[in-house]
Structure formats: C-alpha cells, structure tokens
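Visitor: structure of the sequence below:
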Amino acid sequence: MMKRKCRKPKPETQKKIMNKTIELSHEVAGNKVKATLGKHILADGFDFVMDYEKSHDSWIHDRLTGTEFLDMFSMFGSASVGYNHPYIVGKSAWLGKMAVYKPTMSDVYLQEYADFVETFSRVAIPEELPYCFFVEGGAAGGTASQIWQLLTARLTLSAGMYQD
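Guide: Numbering: from 1, shown residues only. So this is what the prediction gives:
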C-alpha cells in the first residue's frame, strides 16, 4: 500500500458549507500556474497543480508538493476509470489518432464510428429505442434538446393527441 502525506487541516483552511466542514485546497508558495491562469480566467479551483504523468488510479498527484489526493469527483465523470489506466495507456496511440481530427460524423463516416455504434447498440440501446443522436458538447446538447421538444410537440399536435 502506498504511503501518502497526510496533515491535519488548519482551522483557517476550512469553510462551513451547508452545515458540513470541508478542507479547502492548501496554499502553496510559488504556484505560478494558478497565478498565470488567474490573469485571464476565474481561477477559483484547487491550489494544487495536477501532474498528469504521476497521477494514477483515482489519485491526483500534486506536482508542487508530491501529495496525492483521492479524486472524489472523477473530473465530473470524464475520468471514471481513473488516471493512467493500463488499458487506456495501451490504446493511447489509437486514441491519439482518433483525436487528431473530428470528422462531421453526420456527413462523413468512419469504420471506427460504425464499430462504436455496433458495440453501443449491443450494450446500451434497448430494442424499443433503436436510434441514437450523438452530441459533443453542452451548447449543442441544449439546442438538440430544444429542437427535439419542438419536434415532438409539433408531432403531438399534428396527430391530434393534444386536447385542451
């Protein structure tokens, strides 16, 4: 089992939120990463600097202090298998190749896309809902949701299924 640096949080680094006490990130002298980012973005995140190479499993390695933190939020789901997972690292060349270009999947098709949809249909698509609609980001997802709501409302009205 790996040893990790642990320390008791100082009272001034704690904050009451919804009747629970959580330890806030530690201040690190010489953290130029956050200072640089703070010139151009709202840099109100943690004070540690993640070392992507040394982070592993569900542990985030702080490149400034060497401390490892248990990742309790999995980067909001994008790191659900953890960091430097052997399978993902083993497929990094293929993943890198796929990340170089972002084809317009609705117009240009790849064998890899067909392989993904076939696997996805076997694992996650129920027979009664055979169609997929893939959206990359939040704004496009919101727009797609609004279009779907308008479309289904129009279909419902045109079919005479809506009554006052």
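
Visitor: and after the lowest-mean-pLDDT helix or strand in the chain, which helix or strand comes next?
Guide: Taking mean pLDDT, DSSP states H and E as the measure, the helices and strands of the chain show their lowest mean at strand 20-23, namely a mean of 38. Past strand 20-23, heading to the C-terminal end, the next element that is a helix or strand (DSSP states H and E) is helix 32-38.

Visitor: which strand residues bridge residue 68?
Guide: On the basis of DSSP bridges, residue 68 is bridged to residue 61.

Visitor: distance-wise, check it relative to residue 133.
Guide: To residue 133, residue 68 is 40 Å away according to CB to CB, to the nearest Å. Glycine gets a C-beta too; all of them are placed from N, C-alpha and C.

Visitor: likewise residue 146?
Guide: For residue 146, the distance to residue 133 (CB to CB) stands at 13 Å.

Visitor: ok, residue 144 next?
Guide: Taken as CB to CB, the spacing of residue 144 relative to residue 133 amounts to 7 Å.

Visitor: neighbour count: those two, which is higher?
Guide: A direct count of neighbours by other CB atoms under 10 Å for residue 144 and residue 133 places residue 144 higher, at 13 against 10.

Visitor: that one sits in which helix or strand?
Guide: Using DSSP H and E, the element containing residue 144 is helix 138-158.

Visitor: now swap in residue 66 and tell me
Guide: Residue 66 is located outside every helix and strand, with elements delineated by DSSP H and E.

Visitor: run a quick neighbour tally on it.
Guide: Applying other CB under 10 Å, we find 11 residues neighbouring residue 66.

Visitor: ok, it to residue 74 distance?
Guide: 22 Å.

Visitor: wait, what's in contact with residue 118?
Guide: With contact set as CB atoms under 8 Å, 6 or more residues apart in numbering, residue 118 has no partners.

Visitor: so it, which of the three states?
Guide: In terms of secondary structure, residue 118 is helix; the call rests on DSSP: H, G, I helix; E, B strand; the rest coil.
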